[in-house]
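1. just to be clear, the model below is a prediction. Sequence and coordinates:
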Amino acid sequence: MGRLFGTDGVRGIANTELTCERAMEIGRAAATVLADGCRRRPTFVIGCDTRASSDMLGSALIAGLCSVGADVIQLGVVPTPAVAYLVGLYKADAGVMISASHNPAEFNGIKIFSGNGLKLPDMLEERIEEIVLDKIRSMATPIGGEVGKLTYAKDAAADYVRHVKSTAHCCLEGLKIAIDCANGSASVTAPTLFRELGADVHVLHSAPDGVNINRDCGSTHMESLSEYVVKNGLDCGVAFDGDADRCLCVDEKGNLIDGDRIMAICALDLNNRGKLNRSTVVGTIMTNFGFGKFCEANGLHFVATKVGDRYVLEEMLLENYSFGGEQSGHIIFRDFATTGDGQLTAVQLLIMMKTQGKSLAELASVMTRYPQTMVNLKISPEGKIAFYNDPEVNRVIQETTEELGKNGRIVVRPSGTEPLIRIMVEGMDEEQITEVAGRVASVITERLGNR
């Protein structure tokens, strides 16, 4: 992780950690870096989610961009993958999404995409950080007609919906589904998308008020969706996060279908249709043990990367793989998108239900999920840094790794998007993994909790 950029952009509590001044500085620095070698003034597309602070930070960012001569096309409220797609459709040089994804409303973030719809490589993020934090170079101060211009894309959401619809090779008529929009970006696109594809759609949590994004809803709170699907006898439910770049599902019985199971369903279908390049799926070190077993049983190869969809995509691009994702629901269909896309994933999954004539529970049965427990510890930035070198923390992690042996594993890592250290333990014995996770958490809290 960099000094400003985490695994998914710049993130912090809006107006204290992520201020208007900082947003303006990032805008000026990003335009300066991306204008290097450009023979014309750069153009940025900017979208946002439904947080109250998105307009504030977006306005500051736009001011920074325009102040150094970049033009801006404002997209309004759209999903993050819409920005990644529209940057190419509108022939822009870069795209920016103002969002903190699945985080609570008080957080916000700045994600930057290059002109090809990919998240910025580490090298460019570091150059932006150097300008913002180290003041290593002066920036342009154009006047008159050289100042950047702001225009508005009135059809941005519709253009994105049209793109996702184009990936469907059949309609969804006959499927009864619920969609949980998390009071976020999906609210402006998902109801239209799934109704136009022919599904019988029940819409939940689609009334954003600026502060209810992700609150007891969406992919981080699946309870109300599960209850609704069972109560109304629906075929399944789909939940998005605040910026709709991920989705999780529940089957007709209300059971959670996480990103690993979604990947298993999709990978098997893609491979059977000759659409899974090199019969390989890219996941992360957090992907469930059961997914590896699923791959072995079905003649598929599995490659694990660091946590973060950017690292999944980097591996896919490096080795020309076509499909990958994360347990959290970031799923990347590289034939259709350059980033995780919750609505695209849901469309592809529903098509598989329709064409195979199977329930979601039947499809998900191809993978057996190993017991897994996750503990999130709130730790200061100083504690997150000290984590890497603390001898007692390293000792307890090593001890538990040996204890779990070949029938389990432990992964302990600082979050790239939140002030947390995450402890994940997997194994055959649920009682054992719960005890192990608690033991490691106690040591970390004791050693790092007061820093």
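-> Sure, I can see it.

2. mind saving the C-alpha coords of stretch 422-429 as CSV?
-> Extracted as CSV, the C-alpha positions of stretch 422-429 are listed here (Å, rounded to 0.1, in the frame of the first residue of the first chain):
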residue,chain,number,x,y,z
ARG,A,422,-8.3,-9.1,9.5
ILE,A,423,-7.8,-12.6,10.9
MET,A,424,-9.2,-15.4,8.7
VAL,A,425,-8.9,-19.1,9.9
GLU,A,426,-10.1,-22.1,7.9
GLY,A,427,-10.2,-25.8,8.7
MET,A,428,-12.2,-29.0,9.1
ASP,A,429,-13.0,-28.4,12.8
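
3. helix, strand or coil for G109?
-> strand (DSSP: H, G, I helix; E, B strand; the rest coil).

4. didn't it look like it was pressed against V10?
-> Yes. Between G109 and V10 there is a contact under C-beta atoms under 8 Å: 5.8 Å. No exception for glycine: its C-beta is placed from N, CA and C like everyone else's.

5. what is in contact with these two at once?
-> L18 (C-beta atoms under 8 Å, 6 or more residues apart in numbering).

6. tell me the contacts of G47?
-> Here G47 is in contact with 75-80, 82-83, 86, 95-98, 156, 185 (C-beta under 8 Å, 6+ apart).

7. meant to ask about V436, not that
-> Contacts of V436 (C-beta under 8 Å, 6+ apart): T400, E403, L404, I410, V425, G427.

8. which ones among those residues lie within strands?
-> Within the contacts of V436, residues falling in strands by DSSP state E are I410, V425, G427.

9. which of those residues has the largest number of neighbours?
-> Within the ones in strands among the contacts of V436, most neighbours by other C-beta atoms under 10 Å means V425, with 26 neighbours.

10. that one and I257: what is the separation?
-> 22 Å (C-beta to C-beta, to the nearest Å).

11. quick check: longest helix of this structure.
-> If you go by DSSP state H, the chain has its longest helix at helix 430-448.

12. show me which positions of that helix end up buried.
-> Q432, I433, V436, A437, R439, V440, A441, V443, I444, T445, R447, L448 (16 or more other C-beta atoms under 10 Å).

13. and the pLDDT at the first one?
-> So the one you mean is Q432. If you check Q432, the pLDDT there is 91.

14. OK, contacts around it?
-> L404, G408.

15. before we move on, what about I177?
-> Applying C-beta under 8 Å, 6+ apart, the residues near I177 are F194, A199, D200, V201, H202, L234, D235, C236, G237, V238, L350.

16. restrict the residues you listed to the buried ones and give me that as a PyMOL selection.
-> Selection command for PyMOL covering only the buried members of the contacts of I177, criterion 16+ other C-beta under 10 Å:
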select buried, resi 194+199+201+202+234+235+236+237+238+350
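
17. just the ones of the contacts of I177 in helices?
-> Short answer: these in helices (DSSP H) are F194, L350.

18. want to throw the contacts of I177 into CSV with distance to I143?
-> Below are those laid out as CSV (distance: C-beta to C-beta, whole Å):
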residue, distance to I143
F194, 49
A199, 53
D200, 57
V201, 51
H202, 54
L234, 59
D235, 60
C236, 57
G237, 54
V238, 50
L350, 53
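
19. which of the contacts of I177 lies closest to I379?
-> Closest approach to I379 among the contacts of I177 (C-beta to C-beta): V238, at 32.8 Å.

20. next, count neighbours for the closest residue to I423 other than its chain neighbours.
-> Spatial nearest neighbour of I423, excluding adjacent residues (C-beta to C-beta, 6 or more residues apart in numbering): V375 at 4.3 Å. Counted with other C-beta under 10 Å, the neighbours of V375 add up to 18.

21. I'd say V375 and G438 touch.
-> Yes. If you go by C-beta under 8 Å, V375 and G438 touch, sitting 7.4 Å apart.
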